[in-house]
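1. Below are the sequence and a predicted model; questions follow.
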Amino acid sequence: MNVGTTVLIGIASLVVIGIGALIAFLVGRRHNSEADWIVGGRSLPVYVLAFTQYATAVGGGVLVAHVGIAYSWGFSVFWYEAFVVVGMLVIALFANWLRSRRFSTIPEVFTRLYGEHKVMMTIVALAVIIVPFGWLATQFVAFANLFSQVTGVPFAPLIVAMALISLLFVLPGGLTSVAWSDFFFGVFMIGASIVVAGYAVYSAGGWGTIVEQVPDELFAMPEGLAAAGWTTILLWLFAILPGTLTNQLYYQRVFAAKSGREARTGIYLSAVMVLIAGGYALVIGLAVRAMNPGLGEDGREEAAGWFLAHVPVWLLAIYGAFLMATIVSTTGSALQSVVANMINDLRNAFVKKPTDERTRVRLSRWCTVGVTLVAAGLAIIYPKALDWLVATYAYSASILAVPLLLGIVLSGRWAVSRVVAYASMAAGVIGCAGAHVLGTTVPYAVFGMVASLFGYCIALLVVRPGPARREEEVIHQ
């Protein structure tokens with residue numbers, strides 16, 4: 001790529017990032033309390049909730065992997081987005097319960113369900129942290145790998161640059177500044193995806209030409225939805241749904257709503273936008289299939305790259321900024337979530353000395369810098385070793401999903417002992433680890449969750465639940 005093109009991409013990306021950073025700074029000046037930092041002041045407007053949920057859910061995978069899925073299997077790509085949406089809608093079912101109790105993090109939900117206990121708080125907080133921390137480190141690596149090829153800039157400086165950029169969106173106001181910048185990024189992402197998809201259709205000769213060139217089985221209904229094969233679709237289900245149901249980033253945006261009703265509305269709107277993202281991937285994938293059918297199923301991951309190599313410079317600049325927005329929105333959200341657990345949960349579990357609000361916010365900012373340095377350092381020193389962090393998604397779901405969801409369902413009538421939760425968590429880890437070691441075809445998170453469910457039910461039979469806790473009893477457990 002020539003220097004002029006690289007400079008143009010850089011300028012477009014800097015403009016988009018600069019606007020987002022300015023929004024984060026201005027919002028952070030007016031909203032800098034502890035509540036603003038952790039839960040957006042519990043007053044985020046519905047449209048901000050919708051776009052920050054969308055920006056959190058849609059990352060670089062839609063730009064590359066999902067385009068490849070559509071290239072090979074057409075309408076099957078919508079299953080991927082559908083499973084994310086199903087997870088979000090399940091969370092929406094509990095939105096009123098979650099929001100009315102003024103939670104800030106998932107460990108606080110466990111405290112409400114099973115009573116306050118240092119060991120449980122620590123286990124749950126660590127299980128929650130490992131997922132967004134993994135996102136953070138791997139996004140640094142993905143950014144550096146991609147832009148080092150495009151610009152020729154070495155790997156390490158790009159990771160440092162991405163780390164510094166991420167701080168711009170978290171330090172001003174925590175979740176409040178992240179959410180409002182996500183609103184801008186989300187709007188830009190929707191607009192850019194429409195422009196890019198429109199050009200793809202135009203390049204392929206129009207939608208009619210695409211339909212003529214692409215095999216009928218990718219379009220036919222219901223055959224097109226099953227083009228990837230039901231085994232593959234079930235694997236997507238098992239891989240995506242558990243992680244969505246236990247991802248704190250989605251819950252925090254429920255906690256940040258003005259009410260449970262607005263939280264649900266935000267989720268519904270973001271679910272529509274997630275499906276639009278699937279439509280983007282479908283259009284790009286099928287357009288590339290019509291223009292270059294020779295990549296084959298094994299080469300489907302190259303579909304997005306092939307398309308980029310054949311777009312005009314102005315569109316490449318927009319796409320570069322689009323990619324930057326998706327990565328930054330993910331890293332900012334992940335970083336804020338990790339820090340919220342470290343300060344609000346882990347610190348509070350071990351440090352009982354009272355501290356004022358300004359001190360806690362200051363600690364959050366310093367912790368943000370520290371977590372960023374650690375993640376960037378790991379990304380630079382061990383870029384290939386970060387794959388194991390992806391596995392933490394499965395272990396986190398195996399620990400959290402069953403005691404979280406069943407605990408919420410049962411909380412209206414019974415108070416379940418924390419022993420039941422411990423039994424469920426231990427069974428989940430054992431089941432997940434066993435399947436991981438055996439190398440099962442089905443994602444090992446499934447085995448972990450099934451084992452967790454058995455552990456929960458058996459422990460519930462042994463340790464019978466009592467009457468539901470009153471809200472004021474929870475802090476004394």
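-> Structure's in. What do you need?
2. quick one, strands of the stretch 301-450 of the chain?
-> All strands of the stretch 301-450 of the chain, identified by DSSP state E, counting those that start in this stretch, fall at 414-415.
3. What ranges does it have for its helices?
-> With DSSP state H, counting those that start in this stretch, the ranges of helices along the stretch 301-450 of the chain come out as 303-308, 313-341, 348-350, 357-381, 387-410, 418-438, 444-462.
4. how long is stretch 305-318 end to end?
-> With CA to CA, to the nearest Å as the measure, stretch 305-318 spans 15 Å from end to end.
5. which of the residues in that stretch are buried?
-> Across stretch 305-318, burial judged by 16 or more other CB atoms under 10 Å covers Trp306, Phe307, Leu308, Val311, Leu315, Leu316, Ala317, Ile318. All C-beta atoms are positioned from the backbone trio N, CA, C, and that covers glycine.
6. tell me the least confident of these?
-> Within those, Leu308 has the lowest pLDDT, namely 78.
7. who's in contact with it?
-> Leu316, Tyr319 (CB atoms under 8 Å, 6 or more residues apart in numbering).
8. residue contacts, Pro154?
-> Ser148.
9. can you tell me which of the buried residues of stretch 305-318 lies nearest to Ala70?
-> Comparing the buried residues of stretch 305-318 against Ala70 with CB to CB places Phe307 closest, at 11.6 Å.
10. counting contacts, what elements does the helix or strand encompassing Leu113 pack onto?
-> Using DSSP states H and E, Leu113 sits within helix 106-114. With contacts taken as 3 or more CB pairs under 8 Å, 6 or more residues apart in numbering; DSSP states H and E, helix 106-114 sits against helix 118-151, helix 248-255, helix 387-410, helix 418-438.
11. Save those helices as JSON lines, and put in mean pLDDT, distance to Gln336 and mean neighbour count too.
-> What follows is the helices and strands packed on helix 106-114, written out as JSON lines (pLDDT from 0 to 100; distance: least, CB to CB, whole Å; neighbours: other CB atoms under 10 Å):
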{"stretch": "helix 118-151", "mean pLDDT": "84", "distance to Gln336": "8", "mean neighbour count": "21"}
{"stretch": "helix 248-255", "mean pLDDT": "93", "distance to Gln336": "8", "mean neighbour count": "25"}
{"stretch": "helix 387-410", "mean pLDDT": "85", "distance to Gln336": "18", "mean neighbour count": "21"}
{"stretch": "helix 418-438", "mean pLDDT": "93", "distance to Gln336": "25", "mean neighbour count": "20"}
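12. Out of the helices of the stretch 301-450 of the chain, which is closest to Asn96?
-> helix 387-410 (11.1 Å).
13. any idea how far that closest one is from the chain center?
-> Put simply, helix 387-410 sits 14 Å off its chain's centre (CA atoms, centre = their mean, to the nearest Å).
14. the inter-axis angle of it versus helix 118-151?
-> Taking axes from the mean of the first three to the mean of the last three CA atoms, to 10 degrees, helix 387-410 and helix 118-151 form an angle of 140 degrees between their directions.
15. could you dump helix 387-410 to PDB, C-alpha only?
-> Listed next in PDB are the C-alpha coordinates belonging to helix 387-410 (Å, rounded to 0.1, in the frame of the first residue of the first chain):
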ATOM      1  CA  ASP A 387      -5.200 -17.800  22.500                       C
ATOM      2  CA  TRP A 388      -5.700 -19.400  25.900                       C
ATOM      3  CA  LEU A 389      -7.500 -16.300  27.100                       C
ATOM      4  CA  VAL A 390     -10.300 -17.200  24.600                       C
ATOM      5  CA  ALA A 391     -10.800 -20.500  26.500                       C
ATOM      6  CA  THR A 392     -11.600 -18.400  29.600                       C
ATOM      7  CA  TYR A 393     -14.900 -17.600  28.000                       C
ATOM      8  CA  ALA A 394     -15.900 -21.300  28.400                       C
ATOM      9  CA  TYR A 395     -14.700 -21.600  32.000                       C
ATOM     10  CA  SER A 396     -16.400 -18.300  33.000                       C
ATOM     11  CA  ALA A 397     -19.700 -19.500  31.600                       C
ATOM     12  CA  SER A 398     -19.400 -22.800  33.300                       C
ATOM     13  CA  ILE A 399     -18.900 -21.100  36.600                       C
ATOM     14  CA  LEU A 400     -21.400 -18.300  36.400                       C
ATOM     15  CA  ALA A 401     -24.400 -19.200  34.100                       C
ATOM     16  CA  VAL A 402     -26.300 -21.800  36.100                       C
ATOM     17  CA  PRO A 403     -26.100 -20.200  39.600                       C
ATOM     18  CA  LEU A 404     -26.700 -16.800  38.100                       C
ATOM     19  CA  LEU A 405     -29.800 -17.600  36.000                       C
ATOM     20  CA  LEU A 406     -31.400 -20.200  38.300                       C
ATOM     21  CA  GLY A 407     -30.600 -18.100  41.300                       C
ATOM     22  CA  ILE A 408     -32.600 -15.200  39.800                       C
ATOM     23  CA  VAL A 409     -35.500 -17.500  38.900                       C
ATOM     24  CA  LEU A 410     -35.700 -19.000  42.300                       C
END
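16. So which elements touch that helix?
-> Contact here means 3+ CB pairs under 8 Å, 6+ apart; on that basis helix 387-410 packs against helix 106-114, helix 118-151, helix 230-245, helix 418-438, helix 444-462.
17. Gln213 is nearest to which of those helices?
-> helix 230-245 (23.9 Å).
18. Can you list the helices and strands that the closest one packs against?
-> If you count contacts as 3+ CB pairs under 8 Å, 6+ apart, helix 230-245 packs onto helix 77-93, helix 387-410, helix 444-462.
19. Including distance to Ala57, could the ones you listed go into JSON lines?
-> Formatted as JSON lines, the helices and strands packed on helix 230-245 follow (distance: least, CB to CB, whole Å):
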{"stretch": "helix 77-93", "distance to Ala57": "6"}
{"stretch": "helix 387-410", "distance to Ala57": "14"}
{"stretch": "helix 444-462", "distance to Ala57": "18"}
